[in-house]
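[1] Sequence and computational prediction follow.
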There are 2 protein chains.
Amino acid sequence: MAGRSIEDMSIAFIGAGNLATNLAKALYRKGFRIVQVYSRTKESAQGLAQTVEAAYTTELQAVTKEAQLYIVSLKDAAFVELLPQIVSGKENALWVHTAGSIPMNIWQGHVARYGVLYPMQTFSKQREVDFGQIPCFVESNSEEDVQLLKDIASALSEKVYEASSEQRKSLHLAAVFTCNFTNHMYVLAAELLKKYGLPFEAMLPLIDETARKVHELEPLAAQTGPAVRYDENVIDEHLRMLADEPQMLELYREISENIHRLAIR
Amino acid sequence: MAGRSIEDMSIAFIGAGNLATNLAKALYRKGFRIVQVYSRTKESAQGLAQTVEAAYTTELQAVTKEAQLYIVSLKDAAFVELLPQIVSGKENALWVHTAGSIPMNIWQGHVARYGVLYPMQTFSKQREVDFGQIPCFVESNSEEDVQLLKDIASALSEKVYEASSEQRKSLHLAAVFTCNFTNHMYVLAAELLKKYGLPFEAMLPLIDETARKVHELEPLAAQTGPAVRYDENVIDEHLRMLADEPQMLELYREISENIHRLAIR
């Protein structure tokens, strides 16, 4: 990039989902030049393209061949299937995907310069996040591009690390428990409270403290509640209350057993 | 309490666990007079008593008969079993317990004035919490004592509500999902990361955002990850990674199915 700043790189986004939307906006805000957004649906492609002042397309064949960096952020199965089509005619650019779960070598044999830029966070289109604190894990097949990806990520976040595909896959699995499964616990609580006519907002101080607590205490030491105390009266009463919710009942039972098992280990 | 402030009430704590410790400290800091702490173990009784400048005992028979308010905070099973002994000779004071799960009428026939003061939060002795934002749910068999308990709770928290035993029980069940089960997801992530030699700290921005997100979005709308996208490639790979952790594998499978089921409902 001799003499020019990395922000001058022309970037194309393949995919306009939750992650792509948040990453593209963050790059745009830092002055990066996003030239085009591809998405299967016009609504998504156009929506993101307008926000970041880019062109858009819903046809893979119409994706620009002129970008210097292509950021692919698709559902994993679609990505694997479409890869040859996606890169066709643009094999000399730098290609990255953004998935925790996909190894870097998926690019091998398809393009010359490739890598990964994985921002580990939960992204929704409806909510803007502060990229500054998001751990970003980068990887590339060349030292030079590792540095380039680190520079790009560092323009967005203070927390940029090089990580292997193996490490990224492990982080992603842990993140599914930490975030997706945690959010499912919020969903189940919301369902219960709705049924009882009580507001979900009542849970927010508890949700916040549960999260804050593990900044200080190890999660195992932070555990409270009937299962870790093995308070059978309470557990049995809760199982009775869940009698007409078989999936919730089963989860309650299994998670409680797990909590108890780890506590006495 | 004619002419005197509620802080002059003499309070005895039966139990010196996580909740009792945090509640007693909060009351002490607001100028309440805690006269005695009972716990089965000397370490707990003495530890809390010293902090709040109270006497202590490990013998139920030695619990003072002079307190005006007794706050009972014991494991539910122990409480139910010991109740007659606990109140013996002190039947004219005001008695409250602090459990989400125990109905108020457990006191009926044992004492004349009774109720519940339930601060809905996760408490650990090692961590001080700001009581000001903790929802406190009170209940009593007399209007006058409802008011008294509201006044006491309002000295500690901005969020004081009257709630029936039925409502409290529902809140408590939802809280188990929101807090205890959520923390277990953190525990499982910590176990995985330890196994992979990666630091749990890497998860903190994700944990924080997952919690913050549901202040704005409904939990169901906030859901992200492979299960809600039904990204089978990722899910199958994660199940393979968990092959030597049967309990985690089973939980992964069940929670993912639940997430998907609710997403397409």
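    That came through fine. Please read all numbers here as calculations on a predicted model, not as lab measurements. Residues are numbered from 1 along each chain as shown, chains lettered A, B, ... in the order given.
[2] okay, CA-based contacts and neighbour counts for the rest of this
    OK.
[3] count of neighbours near residue A:43?
    A count of neighbours around residue A:43, defined by other CA atoms under 10 Å in any protein chain shown, yields 12.
[4] how close does the residue of chain A most remote from its centre get to chain B?
    The outermost residue of chain A, judged against the average C-alpha position, is residue A:233 (39.5 Å), by CA atoms, centre = their mean. Using CA to the nearest CA, to the nearest Å, residue A:233 is found at 6 Å from chain B.
[5] Quick check: that residue touching residue B:75?
    No: look at residue A:233 against residue B:75 with CA atoms under 8 Å: they stay out of range, at 9.5 Å.
[6] separation between residue A:10 and chain B?
    29 Å.
[7] cool, residue A:197 as well?
    Distance from residue A:197 to chain B, by CA to the nearest CA: 9 Å.
[8] Residue A:29 now?
    Per CA to the nearest CA, residue A:29 is found 20 Å from chain B.
[9] tell me the contacts of the spatially closest residue to residue A:27 that is not a sequence neighbour?
    Leaving aside its chain neighbours, residue A:27 sits nearest to residue A:156 (7.0 Å; criterion: CA to CA, 6 or more residues apart in numbering or on different chains). Residue A:156 makes contact with A:26-27, A:30, A:131-132, according to CA atoms under 8 Å, 6 or more residues apart in numbering or on different chains.
[10] Can you pick out the ones from the residues you listed that are in helices?
    Counting by DSSP state H, the members of the contacts of residue A:156 that fall within helices are A:26-27.
[11] Tell me how far residue A:168 lies from residue A:100.
    Noted for residue A:168: a distance of 5 Å to residue A:100, by CA to CA, to the nearest Å.
[12] again with residue A:153
    On the measure of CA to CA, residue A:153 and residue A:100 end up 15 Å apart.
[13] ok so, going back, could you report the pLDDT at the residue farthest from the centre of chain A?
    pLDDT recorded at residue A:233 is 89.
[14] that's a strand at it, yeah?
    No: checked against DSSP: H, G, I helix; E, B strand; the rest coil, residue A:233 lies outside a strand; its state is helix.
[15] Quick check: nearest residue in space to it, chain neighbours excluded?
    residue B:77 (6.2 Å).
[16] what's the helix or strand for the one you found?
    helix B:76-87 (DSSP states H and E).
[17] Beyond that helix, next helix or strand please.
    That would be, after helix B:76-87 and using DSSP H and E, strand B:94-97.
[18] What mean pLDDT does stretch A:59-71 get?
    For stretch A:59-71, the mean pLDDT works out to 97.
[19] meant to ask about stretch A:241-249, not that
    According to the model, stretch A:241-249 has a mean pLDDT of 96.
[20] Send over it as PDB, restricted to the C-alpha atoms.
    Output of stretch A:241-249 as PDB, limited to C-alpha atoms (Å, rounded to 0.1, in the frame of the first residue of the first chain):
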ATOM      1  CA  MET A 241     -44.300 -25.600  37.500                       C
ATOM      2  CA  LEU A 242     -42.700 -26.600  34.200                       C
ATOM      3  CA  ALA A 243     -44.900 -29.800  33.800                       C
ATOM      4  CA  ASP A 244     -46.700 -28.400  30.700                       C
ATOM      5  CA  GLU A 245     -43.400 -27.200  29.100                       C
ATOM      6  CA  PRO A 246     -41.700 -30.500  28.300                       C
ATOM      7  CA  GLN A 247     -38.600 -28.900  26.600                       C
ATOM      8  CA  MET A 248     -38.100 -26.400  29.300                       C
ATOM      9  CA  LEU A 249     -38.500 -29.100  31.900                       C
END
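[21] Give me the buried positions along that stretch.
    A:242, A:248-249 (16 or more other CA atoms under 10 Å in any protein chain shown).
[22] Whether it contacts chain B - can you check?
    Yes: using CA under 8 Å from any CA of the partner chain, stretch A:241-249 reaches chain B at residue A:247.
[23] List of residues touching that stretch?
    Against stretch A:241-249 from outside (CA under 8 Å, 6+ apart): A:188, A:239, B:258.
[24] Under a three-state scheme, what state does the nearest residue to the first one once chain neighbours are set aside occupy?
    Yep, that's residue A:188 we're talking about. Counting by CA to CA, 6+ apart, residue B:177 is the residue found nearest to residue A:188 once chain neighbours are left out, at 7.0 Å. Under the three-state scheme (three-state DSSP), residue B:177 adopts helix.
[25] Just give the number of residues close to residue B:177.
    Residue B:177: 25 neighbours (other CA under 10 Å).
[26] How about residue A:152: what's its closest non-neighbour residue?
    Residue A:152's closest residue in space is residue A:6 (CA to CA, 6+ apart), at 6.9 Å.
[27] Give me the neighbour count for the one you found.
    Neighbours of residue A:6 under the rule other CA under 10 Å: 17.
[28] Specify the residue ranges that define each domain of chain A.
    A:6-163, A:170-264 (the TED database).
[29] Can you say which of those domains is nearest to residue B:214?
    domain A:170-264 (8.0 Å; CA to CA).
[30] just to revisit the earlier point, how much space between the residue nearest to residue A:233 and residue B:83?
    Distance from residue B:77 to residue B:83, by CA to CA: 10 Å.
[31] Surely the residue nearest to residue A:233 and residue A:235 touch.
    No: contact between residue B:77 and residue A:235 fails when scored by CA under 8 Å: they sit 11.0 Å apart.
[32] Break down chain A into its helices, ranges please.
    A:18-29, A:42-51, A:76-87, A:143-156, A:165-175, A:182-196, A:204-213, A:219-222, A:226-229, A:232-241, A:246-264.
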